[in-house]
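K.L.:
Just a sequence and a predicted model for now, questions to come.
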Amino acid sequence: MRIKRMFIIATLVLLASFFLPLCCAAQPAKAEEPAAAQPTESFDKNHVIVTCEGTSLTLADLGEILNYRKPRQVGYYPTDFILALADDRLEPIVRDVIVDMLLFNKAIKEGFSLPDRIKKQLEEQEVNAFGEILYQKMVIEKVPEISEEEARKFYEDNIDRYTVAFSFSMRHIFLSTYEKYTAKPDDTLKSIAREIAKDENAFDRIITDDEHKKLRYVPPDQRETTPYHEVTPGEKLLVPIDSRAEQSVKQRMQQIVKELKEGADFVEVAKKYSEAARKGEIIGPIAPSQKPILSEILDAAKKTPVGQVTDIIRTKHGYQIMKIERKTEERIRPFSEVKQAIINSEISRKRQERTREYLEELFTSSKELQTFPEVFTDSAATSGSIVAKMGDFTYTLREFSRDFGDAARRAASPADKIILLRNVGAIKLALIRNEGKKLHLDETEKFKTRMKHRKIDLVSRTYLEHVIDKEFKMDDQLLKQYHEKHLDRYIDPKRYKVRQIVKRISDNLAALSEEEREEKTAGIVKELNEIKAKIKTVDDFGEMAQKHSDDQASAERGGDIGFVTDRYRNGFDGHVEKMKVGDVSEPIAIGAFVYLIRVDEITPARVIPFGETKARVTTDYRAENRRNIRSTTIDSVLADAEFKYFPKKQPAPAPEATATPAESPKTQ
């Protein structure tokens, strides 16, 4: 049952591939190949590409084979595209095709008997062949090509899809105009504003010093929907600085600009002065169409040429300047650039629609398919009761419940439940098989050739696994020898016992603009540096973790996360491997968090004894040895057949005999 179900799933995947974009023999809409995969050579189809077992194969012969059976690595590429590949890419493909044929011949010659499961798969493969032929006949041939006029109309009706939005990448230097503040007893927002900003009217610009950075004050008319409470002692806030301090920040930025104009390197200046977390790093591309961005930042980015530094920008967060590294101006992609993609997309869409229509036609018009709605109301029905039947195919109540679950229970009536049968993959396969038989497609050359290649594929792969099984040997002595030979693979790596203090930048980092993320990160880095200054001992670190870490689980253990390797969080971005016992790191920003870590203990790397790692050695030994046997078997088969590949640019000897595609090389 499991094998049958797996086959149904695999077959439906294949049906999706040929009932939507393309089957091996069908003529596809011309696709835009990826630039990296574009063939670079022209070719002569009469060129003899290979000789094997005294038989010659031309590129034309190879093309006929590939129309029916392609190696998996190129399974979705058009045949002519494959034939035009450079020789270094084409040769391994040709080799795979020939190997399958040679293994098939060898299996037949030796009287190799297929396992029952493979025989069953071979019998069931005919539905694939029927499906491919029906797809060509009932879908591809029924769906007209898309004209240039139709494509242009689609383009004009959907012009927004082809608009490339403005984006830019930059480095920046940021100086904040906010000061951290911890609330004291009897503090109010106005008293805090009066103390720090020297203006109590600045109270409504105070923000929370947490990941949200929200305005702390909520107007009375909004308090029904937004909770508000008075300031509490110990509360962390960010408060606007006073005008004199703000002027000082501006003057610092002006001095920075002066240094840059005198020839200083932007990156070095950013590392020296910027209060942003990513000092001097390239940020972007930043696309305002995807993430909100302050209008003053956007305006400066648009008007500043690439390679130039903006004027000083005053935002609600502080002062900053940007060096524009890259820019993509907003533009509409021309029709000529997207025409082929539109044609491909529309053909694919119409073929999908036609496929759905055709499968619906098969379901509603079939005289052979019987359904039994009365089963759903029959109190005597069992899980094995038949819901649908076609010839020797049956579909039971158990399968219906498995396939539809809650949807089956929600269906109001037996008739509604029968409608659900239109979506059953196994029934679709049965309908396709039945239609193929009715149309006598199994008597056509296309069907017979397809099935011949299905047989070559299945038999060759099964026979090769049979040979590998016979040759493969494994016992404890061989495993121990393998372990000794590859000790470098079985190393218990160096481990670090680490404590951490974690601060979250945001619950939803993606929703933040680059500026907001930079500001939040800078604030956390400053906070962690202040915490670090108070840490002298491991107990100090544990106490600070309990008070300040956002990771509750490790905070309860004084920040202890146990032993980790340098792969854990990429070694905390490469910091842990440089640390000694007792060291406390600088703040480390990784993703949505900033970490402060301490190394308590280091254990050196060691070789893992065979007894501790036998299971892994067994897996490695089996994989490597079976792979080697596979390679040796294939090389031997090719050598015995005197396989020789002739590059397309190199003349091949005149063939004594040229094989027909269905027979090459000497296929039984």
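P.N.:
Cool, the structure landed.

K.L.:
Show me what the stretch of helix or strand Glu132 belongs to is packed against.
P.N.:
Taking DSSP states H and E as the definition, one finds Glu132 inside helix 126-135. If contacts are counted by 3 or more CB pairs under 8 Å, 6 or more residues apart in numbering; DSSP states H and E, helix 126-135 sits against helix 2-18, helix 425-438, helix 445-471. The C-beta positions use only the backbone N, C-alpha and C, and glycine is treated the same way.

K.L.:
right, and the helix or strand after the longest one?
P.N.:
Just to be clear, that refers to helix 445-471. Sequence-wise, the next helix or strand downstream of helix 445-471 (DSSP H and E) is helix 476-485.

K.L.:
Toward the C-terminus, what is the element adjacent to that following helix?
P.N.:
Immediately after helix 476-485, counting by DSSP H and E, sits strand 491-492.

K.L.:
mean confidence for that next one?
P.N.:
Taken as a whole, strand 491-492 has a mean pLDDT of 94.

K.L.:
circling back to that earlier point, could you tell me the angle between the helix holding Glu132 and helix 425-438?
P.N.:
On the basis of axes from the mean of the first three to the mean of the last three CA atoms, to 10 degrees, helix 126-135 is oriented at 70 degrees to helix 425-438.

K.L.:
you'd agree Glu91 is up against Phe646?
P.N.:
No: the criterion here is CB atoms under 8 Å, and Glu91 misses it with Phe646 at 9.8 Å.

K.L.:
neighbour count winner among those two?
P.N.:
Taking other CB atoms under 10 Å, Glu91 and Phe646 do not tie; Phe646 has more neighbours (19 against 16).

K.L.:
ok, the more buried one to Lys213 distance?
P.N.:
From Phe646 across to Lys213, the span is 69 Å (CB to CB, to the nearest Å).

K.L.:
same check, this time on Asp204
P.N.:
Counting by CB to CB - Asp204 and Lys213 are separated by 15 Å.

K.L.:
Repeat that for Ile629.
P.N.:
For Ile629, the distance to Lys213 - CB to CB - is 62 Å.

K.L.:
before we move on, the earlier item: which stretch among the helices and strands packed on helix 126-135 is buried most, on average?
P.N.:
helix 425-438 (a mean of 20; mean count of other CB atoms under 10 Å).

K.L.:
Off-centre distance for it?
P.N.:
34 Å (CA atoms, centre = their mean, to the nearest Å).

K.L.:
between that helix and helix 445-471, how big is the angle?
P.N.:
130 degrees.

K.L.:
what's helix 425-438 in contact with?
P.N.:
8-9, 11-12, 15, 126-127, 129-131, 133-134, 359, 362-363, 366, 368-369, 388, 390-391, 393, 395, 399, 421, 442, 447 (CB atoms under 8 Å, 6 or more residues apart in numbering).

K.L.:
Please type out the ChimeraX selection for whichever of those residues turn out to be buried.
P.N.:
Selection of buried members from the contacts of helix 425-438 for ChimeraX, criterion 16 or more other CB atoms under 10 Å:
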select :8,11,12,15,126,127,129,130,131,133,134,359,362,363,366,369,388,390,393,395,399,421,447
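
K.L.:
so after the lowest-mean-pLDDT helix or strand in the chain, what's the next helix or strand?
P.N.:
Of all helical and strand segments in the chain, the minimum by mean pLDDT, DSSP states H and E falls on helix 2-18, at a mean of 41. Downstream of helix 2-18, the first helix or strand assigned by DSSP H and E is strand 48-52.

K.L.:
could you list every residue that touches Pro373?
P.N.:
414-415, 417-418.

K.L.:
any idea which of the residues you listed is closest to Ser176?
P.N.:
Lys417 (64.6 Å; CB to CB).

K.L.:
That closest one is in contact with Phe400, isn't it?
P.N.:
Yes: between Lys417 and Phe400 there is a contact under CB under 8 Å: 7.4 Å.

K.L.:
intersection of neighbour lists for those two?
P.N.:
With CB under 8 Å, 6+ apart, Lys417 and Phe400 have common neighbours Ala408.

K.L.:
Which residue ranges of the stretch 451-600 of the chain form strands?
P.N.:
Counting by DSSP state E, counting those that start in this stretch, the stretch 451-600 of the chain has strands at residues 491-492, 495-504, 560-564, 588-590, 593-603.
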